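Participant: Dropping a prediction and its sequence here:
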Amino acid sequence: MSNEFISRASSPLQEHAYQRGPRITAVETLIPDDIMPGLMLLRLHTDAGTVGGEPVIGHGETYYIPHAVASMIHDWMARRLLGSDAMAIESHWRFLYERCTAFGVRGCELRAISAIDLALWDIAGQICQQPIWRLLGGPVRDRIPVYNSCGGPGYGRRPAGDLNSQGWPGHGSLGKPGLLEDNWNSVHQPVELAEELLAEGYKAMKFWSLDRIYAESGGHRVGWEDLEEALRPMHQIREKLDMKIEIMLDGHGFFSLPAALRIAEAMREIKPLWMEDVIRPDNVDTIADFRDRAGVPIAVSEMLISREDYRLVLERGGADYIMTDPTWVGGISESRRVAEFAQAYNIPTLMHDCTGPLTLFSGLQISASVPNITYQESVRAHIRTFYPMLIDENVNITDGHAALPERPGLGTRLLPELFDEEHPNYRITKLN
Ligand SMILES: [Mg+2]
């Protein structure tokens, strides 16, 4: 692609409107399917050289349909990015969003925009030599409350010996006995697990107790006996530890209204901090109906992939909490806008994780700078087993709180050796 692509447009939403900052010179993607097959990693290179002793490279990621997202970026969005101002974050976001509205925008398109947005904010932070939360007006807190989602080290990984399978969303295996096998332990040794988390300083844990019911019975029918068995670990924790630890339940969007209402009825005794995606998010009116009748706080979450979806849920009173995934909803830029919008309804916002290390780091940047963020999700099994295979600096969690990232930009970098030109899932598009 030649430099003549750079025009002098008068509108910020026309091709390459600004040329005031460093230019984007190359777009690289890598799908590390031997580590986390749903993950797509992105690097944006610039002509800014080295700042603060490190080359200015923007890092981003998204999760699910990684090959489709990589194609969207290389085959379509790169022609906007290459040669253009690497710090014109809002201009690029709006340009790409508006072009994608021509064919629907949700899904692959917003995932691509999300990864790009993370990388652009990373560049801005590196150029300014500040963590992103500083550029967003933070800090609003000096540490970020996190909870532990009880996934195990195998969740999100390719099953050993099965190179053709990566499972389906929410259909991970229970795991096996062992260290950091939090999903297995949440079923078979819940009190010991809760005590271990409390000893580490966590104040809240999230269960995935309903996955087996859905796998065996579908989402329309939940038997009382199955439900009793699924919720028994939570009752055991309440009996032994009373209210010492907050409990949340994620239904992974598996259930229809009557099944979800039965689950909610059974959960009232547990007094959860919230129930999340117990009902499938097909219809905002049904979500609002469910919340009216549930009798426990309801989180409506990362499965909504647009500002408009969140607006509808908030306007119709469908949620006590909303949750966003910054690598799905439109990056740091859009997550912040959605959280601010929820603030107008006096509804707190939660940041999703379980989908890659830069999801977590971008969530921390937003949590450090937006007042109504209440909790950042985290999965200690991921952080301690395979995130170090992807990033050069890990998150620092103590006493149930994550430290604010202090390094300029996102706070960590994807390991450069991942971007191996010989890797079958490596792609690069660059200026000629
Ligand atoms: Mg969830």
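Facilitator: Arrived safely, thanks for sending. Numbers count the residues shown, from 1 in each chain.

Participant: Dump stretch 185-204 to CSV, keeping only the CA atoms.
Facilitator: Included here for stretch 185-204 are C-alpha records, laid out as CSV according to Å, rounded to 0.1, in the frame of the first residue of the first chain:
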residue,chain,number,x,y,z
ASN,A,185,-13.2,-28.2,43.3
SER,A,186,-16.2,-25.9,43.3
VAL,A,187,-18.3,-29.1,42.9
HIS,A,188,-16.4,-31.6,44.9
GLN,A,189,-14.6,-29.6,47.6
PRO,A,190,-16.4,-26.3,47.8
VAL,A,191,-15.7,-25.4,51.4
GLU,A,192,-12.0,-26.2,51.0
LEU,A,193,-11.9,-24.0,47.8
ALA,A,194,-13.8,-21.2,49.5
GLU,A,195,-11.4,-21.3,52.5
GLU,A,196,-8.4,-21.3,50.1
LEU,A,197,-9.7,-18.3,48.3
LEU,A,198,-10.5,-16.4,51.5
ALA,A,199,-7.0,-17.2,52.7
GLU,A,200,-5.6,-15.6,49.5
GLY,A,201,-7.8,-12.5,50.2
TYR,A,202,-10.6,-13.1,47.7
LYS,A,203,-13.9,-11.9,49.0
ALA,A,204,-16.1,-13.3,46.2
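
Participant: excluding its backbone neighbours, what's nearest the residue of the stretch 101-250 of the chain found nearest the ion?
Facilitator: Using C-beta to the ion, residue 250 is the residue of the stretch 101-250 of the chain that sits closest to the ion, at 4.4 Å. Yep, even glycine has a C-beta here, placed from its N, CA and C like the rest. The shortest distance from residue 250 to any residue that is not its chain neighbour, by C-beta to C-beta, 6 or more residues apart in numbering, is 4.6 Å, and that residue is residue 276.

Participant: Counting neighbours, which bits of the helix or strand bottoming out on mean pLDDT in the chain end up buried?
Facilitator: For the chain, counting by mean pLDDT, DSSP states H and E, helix 211-217 ranks last in confidence among helices and strands (a mean of 90). Judged by neighbour count (16 or more other C-beta atoms under 10 Å), helix 211-217 contains these buried residues: 211, 213, 214.

Participant: Quick one: name the residues of the stretch 301-432 of the chain near the ion.
Facilitator: With C-beta under 5 Å from the ion as the criterion, the stretch 301-432 of the chain comes near the ion at residues residue 301.

Participant: The buried residues of helix 211-217 into CSV, with extra columns for distance to the ion?
Facilitator: Below are these laid out as CSV (distance: C-beta to the ion, whole Å):
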residue, distance to the ion
211, 12
213, 16
214, 14
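
Participant: So which residues of the stretch 251-400 of the chain form helices?
Facilitator: 257-267, 284-294, 307-315, 331-344, 357-367, 380-385 (DSSP state H, counting those that start in this stretch).

Participant: repeat for the stretch 1-150 of the chain
Facilitator: Ranges of helices in the stretch 1-150 of the chain, per DSSP H, counting those that start in this stretch, are 66-72, 78-81, 89-100, 108-128, 132-135.

Participant: For residue 359, see how far away residue 207 is.
Facilitator: Spatial separation of residue 207 from residue 359 under the definition C-beta to C-beta, to the nearest Å is 21 Å.

Participant: no wait, residue 280
Facilitator: In this structure, residue 280 and residue 359 are separated by 23 Å, where distance is defined by C-beta to C-beta.

Participant: Cool, thanks, talk later.
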